[in-house]
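Q: The sequence and its predicted three-dimensional model are supplied below.
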Amino acid sequence: GENVEQHPSTLSVQEGDSAVIKCTYSDSASNYFPWYKQELGKRPQLIIDIRSNVGEKKDQRIAVTLNKTAKHFSLHITETQPEDSAVYFCAAIGSGGADGLTFGKGTHLIIQP
Amino acid sequence: DAGVTQSPTHLIKTRGQQVTLRCSPKSGHDTVSWYQQALGQGPQFIFQYYEEEERQRGNFPDRFSGHQFPNYSSELNVNALLLGDSALYLCASSWGWDEQYFGPGTRLTVT
């Protein structure tokens, strides 16, 4: 089955700086890669996603890039703000689409004032 | 437009007991997936329901079972509870298999 590795496990950045979280996946047939933000005690919230026919997608301060050859994808957050502090999870869906999302272990993003 | 809802919010059970968790999908969604999230970990896929049938299953024992109703709502049942079943149980709804939106979860504690 699919395996997703996520790095780093903790990321501390100064407010206003950029943050980058990286993930790799194992199943070359995976074709959908969402990112979720989970605040303490809250549900995972879908913040951006990318499909395998696209190399980059941007939504205001958030962008995701995908390198199918290297089987890795990254989340980029620019001009970080205190409300960006949360745990971020990358995920992938393996071949067939019905296998369910396979998640990385999460990155705890801390925005220092 | 109501989002994904789950009930109950919290639940405390004793080892060996059985539990039923409920999920109502977002309006317009026809697929419900269930996940288990242990503390400090990412969610793990349990199974997915579409057209009232289990379409795919993750690496969970048969003690975990489910059901989907004609109105697309779903239940997760866990029999013979173990201490290790203590976790946050999340359901996610989607139209098709991608763009999954999560409910608030049910926190299950097994003592």
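A: Received, thanks.

Q: which of the residues in stretch A:28-40 are buried?
A: For stretch A:28-40, the buried set under the neighbour-count rule, 16 or more other CB atoms under 10 Å in any protein chain shown, comprises A:30-38. Heads up, the C-betas are built off the backbone N, CA and C, glycines and all.

Q: That should have said stretch A:40-52, apologies.
A: Buried, per 16+ other CB under 10 Å, within stretch A:40-52: A:43-44, A:46-50.

Q: B:Glu75 is in contact with B:Val19, isn't it?
A: No: B:Glu75 lies out of contact with B:Val19 (CB atoms under 8 Å); the separation is 10.2 Å.

Q: Give the buried residues for the helix or strand bottoming out on mean pLDDT in chain B.
A: The weakest-scoring helix or strand in chain B, judged by mean pLDDT, DSSP states H and E, is strand B:53-57 (a mean of 90). Using 16+ other CB under 10 Å as the burial criterion, the residues of strand B:53-57 that qualify are B:55-57.

Q: Need these in JSON lines (columns: distance to A:Ile62).
A: Converted to JSON lines, the buried residues of strand B:53-57 look like this (distance: CB to CB, whole Å):
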{"residue": "B:Arg55", "distance to A:Ile62": "31"}
{"residue": "B:Gln56", "distance to A:Ile62": "29"}
{"residue": "B:Arg57", "distance to A:Ile62": "33"}
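
Q: Give me the distance from the least confident helix or strand of chain B to the chain's centre.
A: From the chain centre to the centre of strand B:53-57 is a distance of 13 Å (CA atoms, centre = their mean, to the nearest Å).

Q: Alpha carbons of the helix or strand just after it, in CSV - could you do that?
A: Toward the C-terminal end, the helix or strand that comes next after strand B:53-57 (DSSP states H and E) is strand B:64-68. The C-alpha coordinates for strand B:64-68 follow below in CSV (Å, rounded to 0.1, in the frame of the first residue of the first chain):
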residue,chain,number,x,y,z
PHE,B,64,-14.6,-2.8,13.2
SER,B,65,-17.7,-2.8,11.1
GLY,B,66,-19.9,-0.2,9.5
HIS,B,67,-23.0,0.6,7.7
GLN,B,68,-24.3,3.3,5.3
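
Q: Which residues outside strand B:64-68 are in contact with it?
A: With contacts defined as CB atoms under 8 Å, 6 or more residues apart in numbering or on different chains, strand B:64-68 is touched by B:32, B:34, B:46-47, B:49-54, B:74-79.

Q: Report the rounded mean pLDDT for that strand.
A: Average pLDDT, strand B:64-68: 97.

Q: show me where the chain has strands.
A: Just so you know, I chose chain A. Assigned by DSSP state E, chain A shows strands spanning A:4-7, A:10-14, A:19-25, A:32-38, A:45-51, A:56-59, A:62-67, A:72-77, A:86-93, A:101-103, A:107-112.

Q: hm, I was asking about chain B
A: For chain B, the strands defined by DSSP E occupy B:5-7, B:10-13, B:19-24, B:31-37, B:44-50, B:53-57, B:64-68, B:74-78, B:87-94, B:101-102, B:106-110.

Q: The third one close to chain A?
A: When you say that, I think you mean strand B:19-24. No: shown here: strand B:19-24 not in contact with chain A (CB under 8 Å from any CB of the partner chain), separated by at least 11.9 Å.
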